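**Q** Could you work out the structure for the sequence below:
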Amino acid sequence: MRNPEETIGNLIDKQSICFISSVDENGYPNTKAMLAPVKREGIKTIYWHTNSPSMRIKQYINNPKACIYFCDKRFFRGVMLIGTMEVVDDLDVKKEIWKDDFSMYYQGGMDGGDFIILKFTAQSGRYYSNFKSEDFVI
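**A** The predicted structure is shown next:
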């Protein structure tokens, strides 16, 4: 892979869902499908919105280790990113992320409900394409 940032960034941007994993209180991985991220800064920092009472929020607070996966099933390629997930309840970040369409998920709105942000910071990854995998550091 000549340019991981470009190759993986393009793969991420074209997916409508992704998978995020957390670690439960017994040390087991828990994986969940999520809608596409709402923001990304290169391939190092990726943001989602979710509900604050979510089981996942408690898991990330207790253990920030995380793994995310994006899969392009059309071309049978994917990328796994390993890093940490931070639960962000900062009003400035929320304002930056918020879209009026989100009110269907969060009846209390941006600052009066259970709207919260997940911020993933990648450390390394593994890219799969053309029947080969390659590891990379971010």
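
**Q** use CA for all of it now, contacts and neighbours both
**A** Fine.

**Q** Grab the nearest non-local neighbour of residue 45.
**A** In space, and not counting its chain neighbours, residue 45 is closest to residue 121: 4.7 Å by C-alpha to C-alpha, 6 or more residues apart in numbering.

**Q** Tell me which stretches of the chain form strands.
**A** For the chain, the strands defined by DSSP state E cover 17-23, 29-35, 39-41, 45-51, 65-72, 77-88, 115-129, 132-137.

**Q** Which of those sits closest to residue 9?
**A** For those, proximity to residue 9 was assessed by C-alpha to C-alpha; strand 39-41 is nearest, at 8.8 Å.

**Q** And the contacts of that closest one?
**A** 46, 47, 48, 97 (C-alpha atoms under 8 Å, 6 or more residues apart in numbering).

**Q** Next: stretch 100-117.
**A** 47-53, 87-89, 91, 93-95, 98.

**Q** and if we set it to 10 Å?
**A** Under the contact criterion C-alpha atoms under 10 Å, 6 or more residues apart in numbering, stretch 100-117 has outside partners 38, 47-54, 57, 86-91, 93-95, 97-99.

**Q** measure that stretch end to end?
**A** 15 Å (C-alpha to C-alpha, to the nearest Å).

**Q** Begin at 45, not 1, for the rest of this chat.
**A** OK, 45 is where the count begins now, so the last one is stretch 144-161.
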